[in-house]
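S.K.: Sequence and predicted structure are below.
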Amino acid sequence: MDRGGHAANPSSATNLARRTVAVAALAAALVSAWVYRDAWGLGPDRAGAADSGAVAAAHPAAVHLGQPRTDQSVNTGRVLSAGPVSELDKELLVRVRQANLWELQAGRLAQTNGSSEAVKRAGLHLLDGHSRLDQIVREISAALQLPIPDEPTPEQQEWVRQLRASKGANFDQFFANQLRNAHGKVFVVVAQARSTTQNSVIRDLAIEANTAVSDHLEVLEDTGLVEPRTFDEVAKAVLK
Ligand SMILES: [Fe+2]
């Protein structure tokens with residue numbers, strides 16, 4: 001894939017090519033979410049739940065904190081025999097869900113409000129990774145009867161508001177730094193869960209999340225817009 005450099009004078013043919021790449025990337029995200037269902041053995045599609053992952057942030061009311069989903073079509077056999085669930089496992093489930101909810105919105109906003117091709121490319125990676133992760137999280141929540149939130153944290157909602165209010169270079173700068181900051185911090189939680197969980201399903205979620213977070217760190221850094229202060233803030237938060 002193109003590493004996302006700028007084009008000074010994009011032609012209409014180039015724009016068409018970019019739109020084609022964007023559509024192909026989103027189609028790949030939906031296909032990968034569909035393929036994932038069989039790989040995880042979590043049962044048949046639930047009325048297009050996986051394919052709705054990319055729009056979950058726009059319609060997040062399907063899952064309510066304190067009221068876990070009880071979809072009867074989910075095959076819970078593997079999930080229920082997967083092992084004990086720790087408080088850190090539960091935290092991982094919630095943190096990944098919250099990341100999905102705000103990053104799906106951020107990924108879409110990158111396509112409309114961003115100016116850098118590298119930022120738009122990073123946004124497509126967010127849409128891809130978090131569509132897949134949200135399918136996994138919702139299936140685990142349903143099977144284990146563990147509540148997950150239906151909206152991002154107030155802080156994340158504020159970030160989305162700021163992204164929505166920004167355009168062009170200002171959007172690009174805030175997008176790259178805020179998302180790099182958040183990914184740097186959640187990466188540690190993912191690693192802790194991966195290292196300690198006794199639950200095989202949570203372990204697989206941590207592996208998927210690790211892959212997604214690593215990818216998102218990379219594409220955000222590829223924008224060339226992440227500032228030293230962002231790395232310093234992450235270091236201050238995670239190195240204790
Ligand atoms: Fe992400």
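M.R.: Good, I have the coordinates. Numbers count the residues shown, from 1 in each chain.

S.K.: Please count neighbours and contacts with C-alpha atoms only from this point.
M.R.: OK.

S.K.: gap between the spatially closest residue to V238 that is not a sequence neighbour and S81?
M.R.: The spatially closest residue to V238, leaving aside those adjacent along the chain, is K185, at 6.5 Å (C-alpha to C-alpha, 6 or more residues apart in numbering). Computed as C-alpha to C-alpha, to the nearest Å, the K185 to S81 distance reads 31 Å.

S.K.: Compare neighbour counts for these two and give me the winner.
M.R.: More neighbours surround K185 than the other of K185 and S81, with 17 against 11 (other C-alpha atoms under 10 Å).

S.K.: Can you tell me the element that one falls in?
M.R.: Per DSSP states H and E, K185 falls inside helix 168-196.

S.K.: right, and the residue nearest to V238 touches E233 too?
M.R.: No - using C-alpha atoms under 8 Å, K185 is not in contact with E233, being 9.4 Å away.

S.K.: Using neighbour counts, pick out the buried residues of stretch 179-195.
M.R.: Going by neighbour count (16 or more other C-alpha atoms under 10 Å), the buried part of stretch 179-195 is 179-187, 189-190, 193-194.

S.K.: so what's the residue nearest to V238 up against?
M.R.: K185 sits next to 234, 237-238 when contact means C-alpha atoms under 8 Å, 6 or more residues apart in numbering.

S.K.: Mark which of those residues are buried, thanks.
M.R.: V234.

S.K.: For this protein, just list every one of the helices.
M.R.: For the chain, the helices defined by DSSP state H cover 12-40, 77-80, 87-113, 117-144, 154-164, 168-196, 200-221, 228-238.
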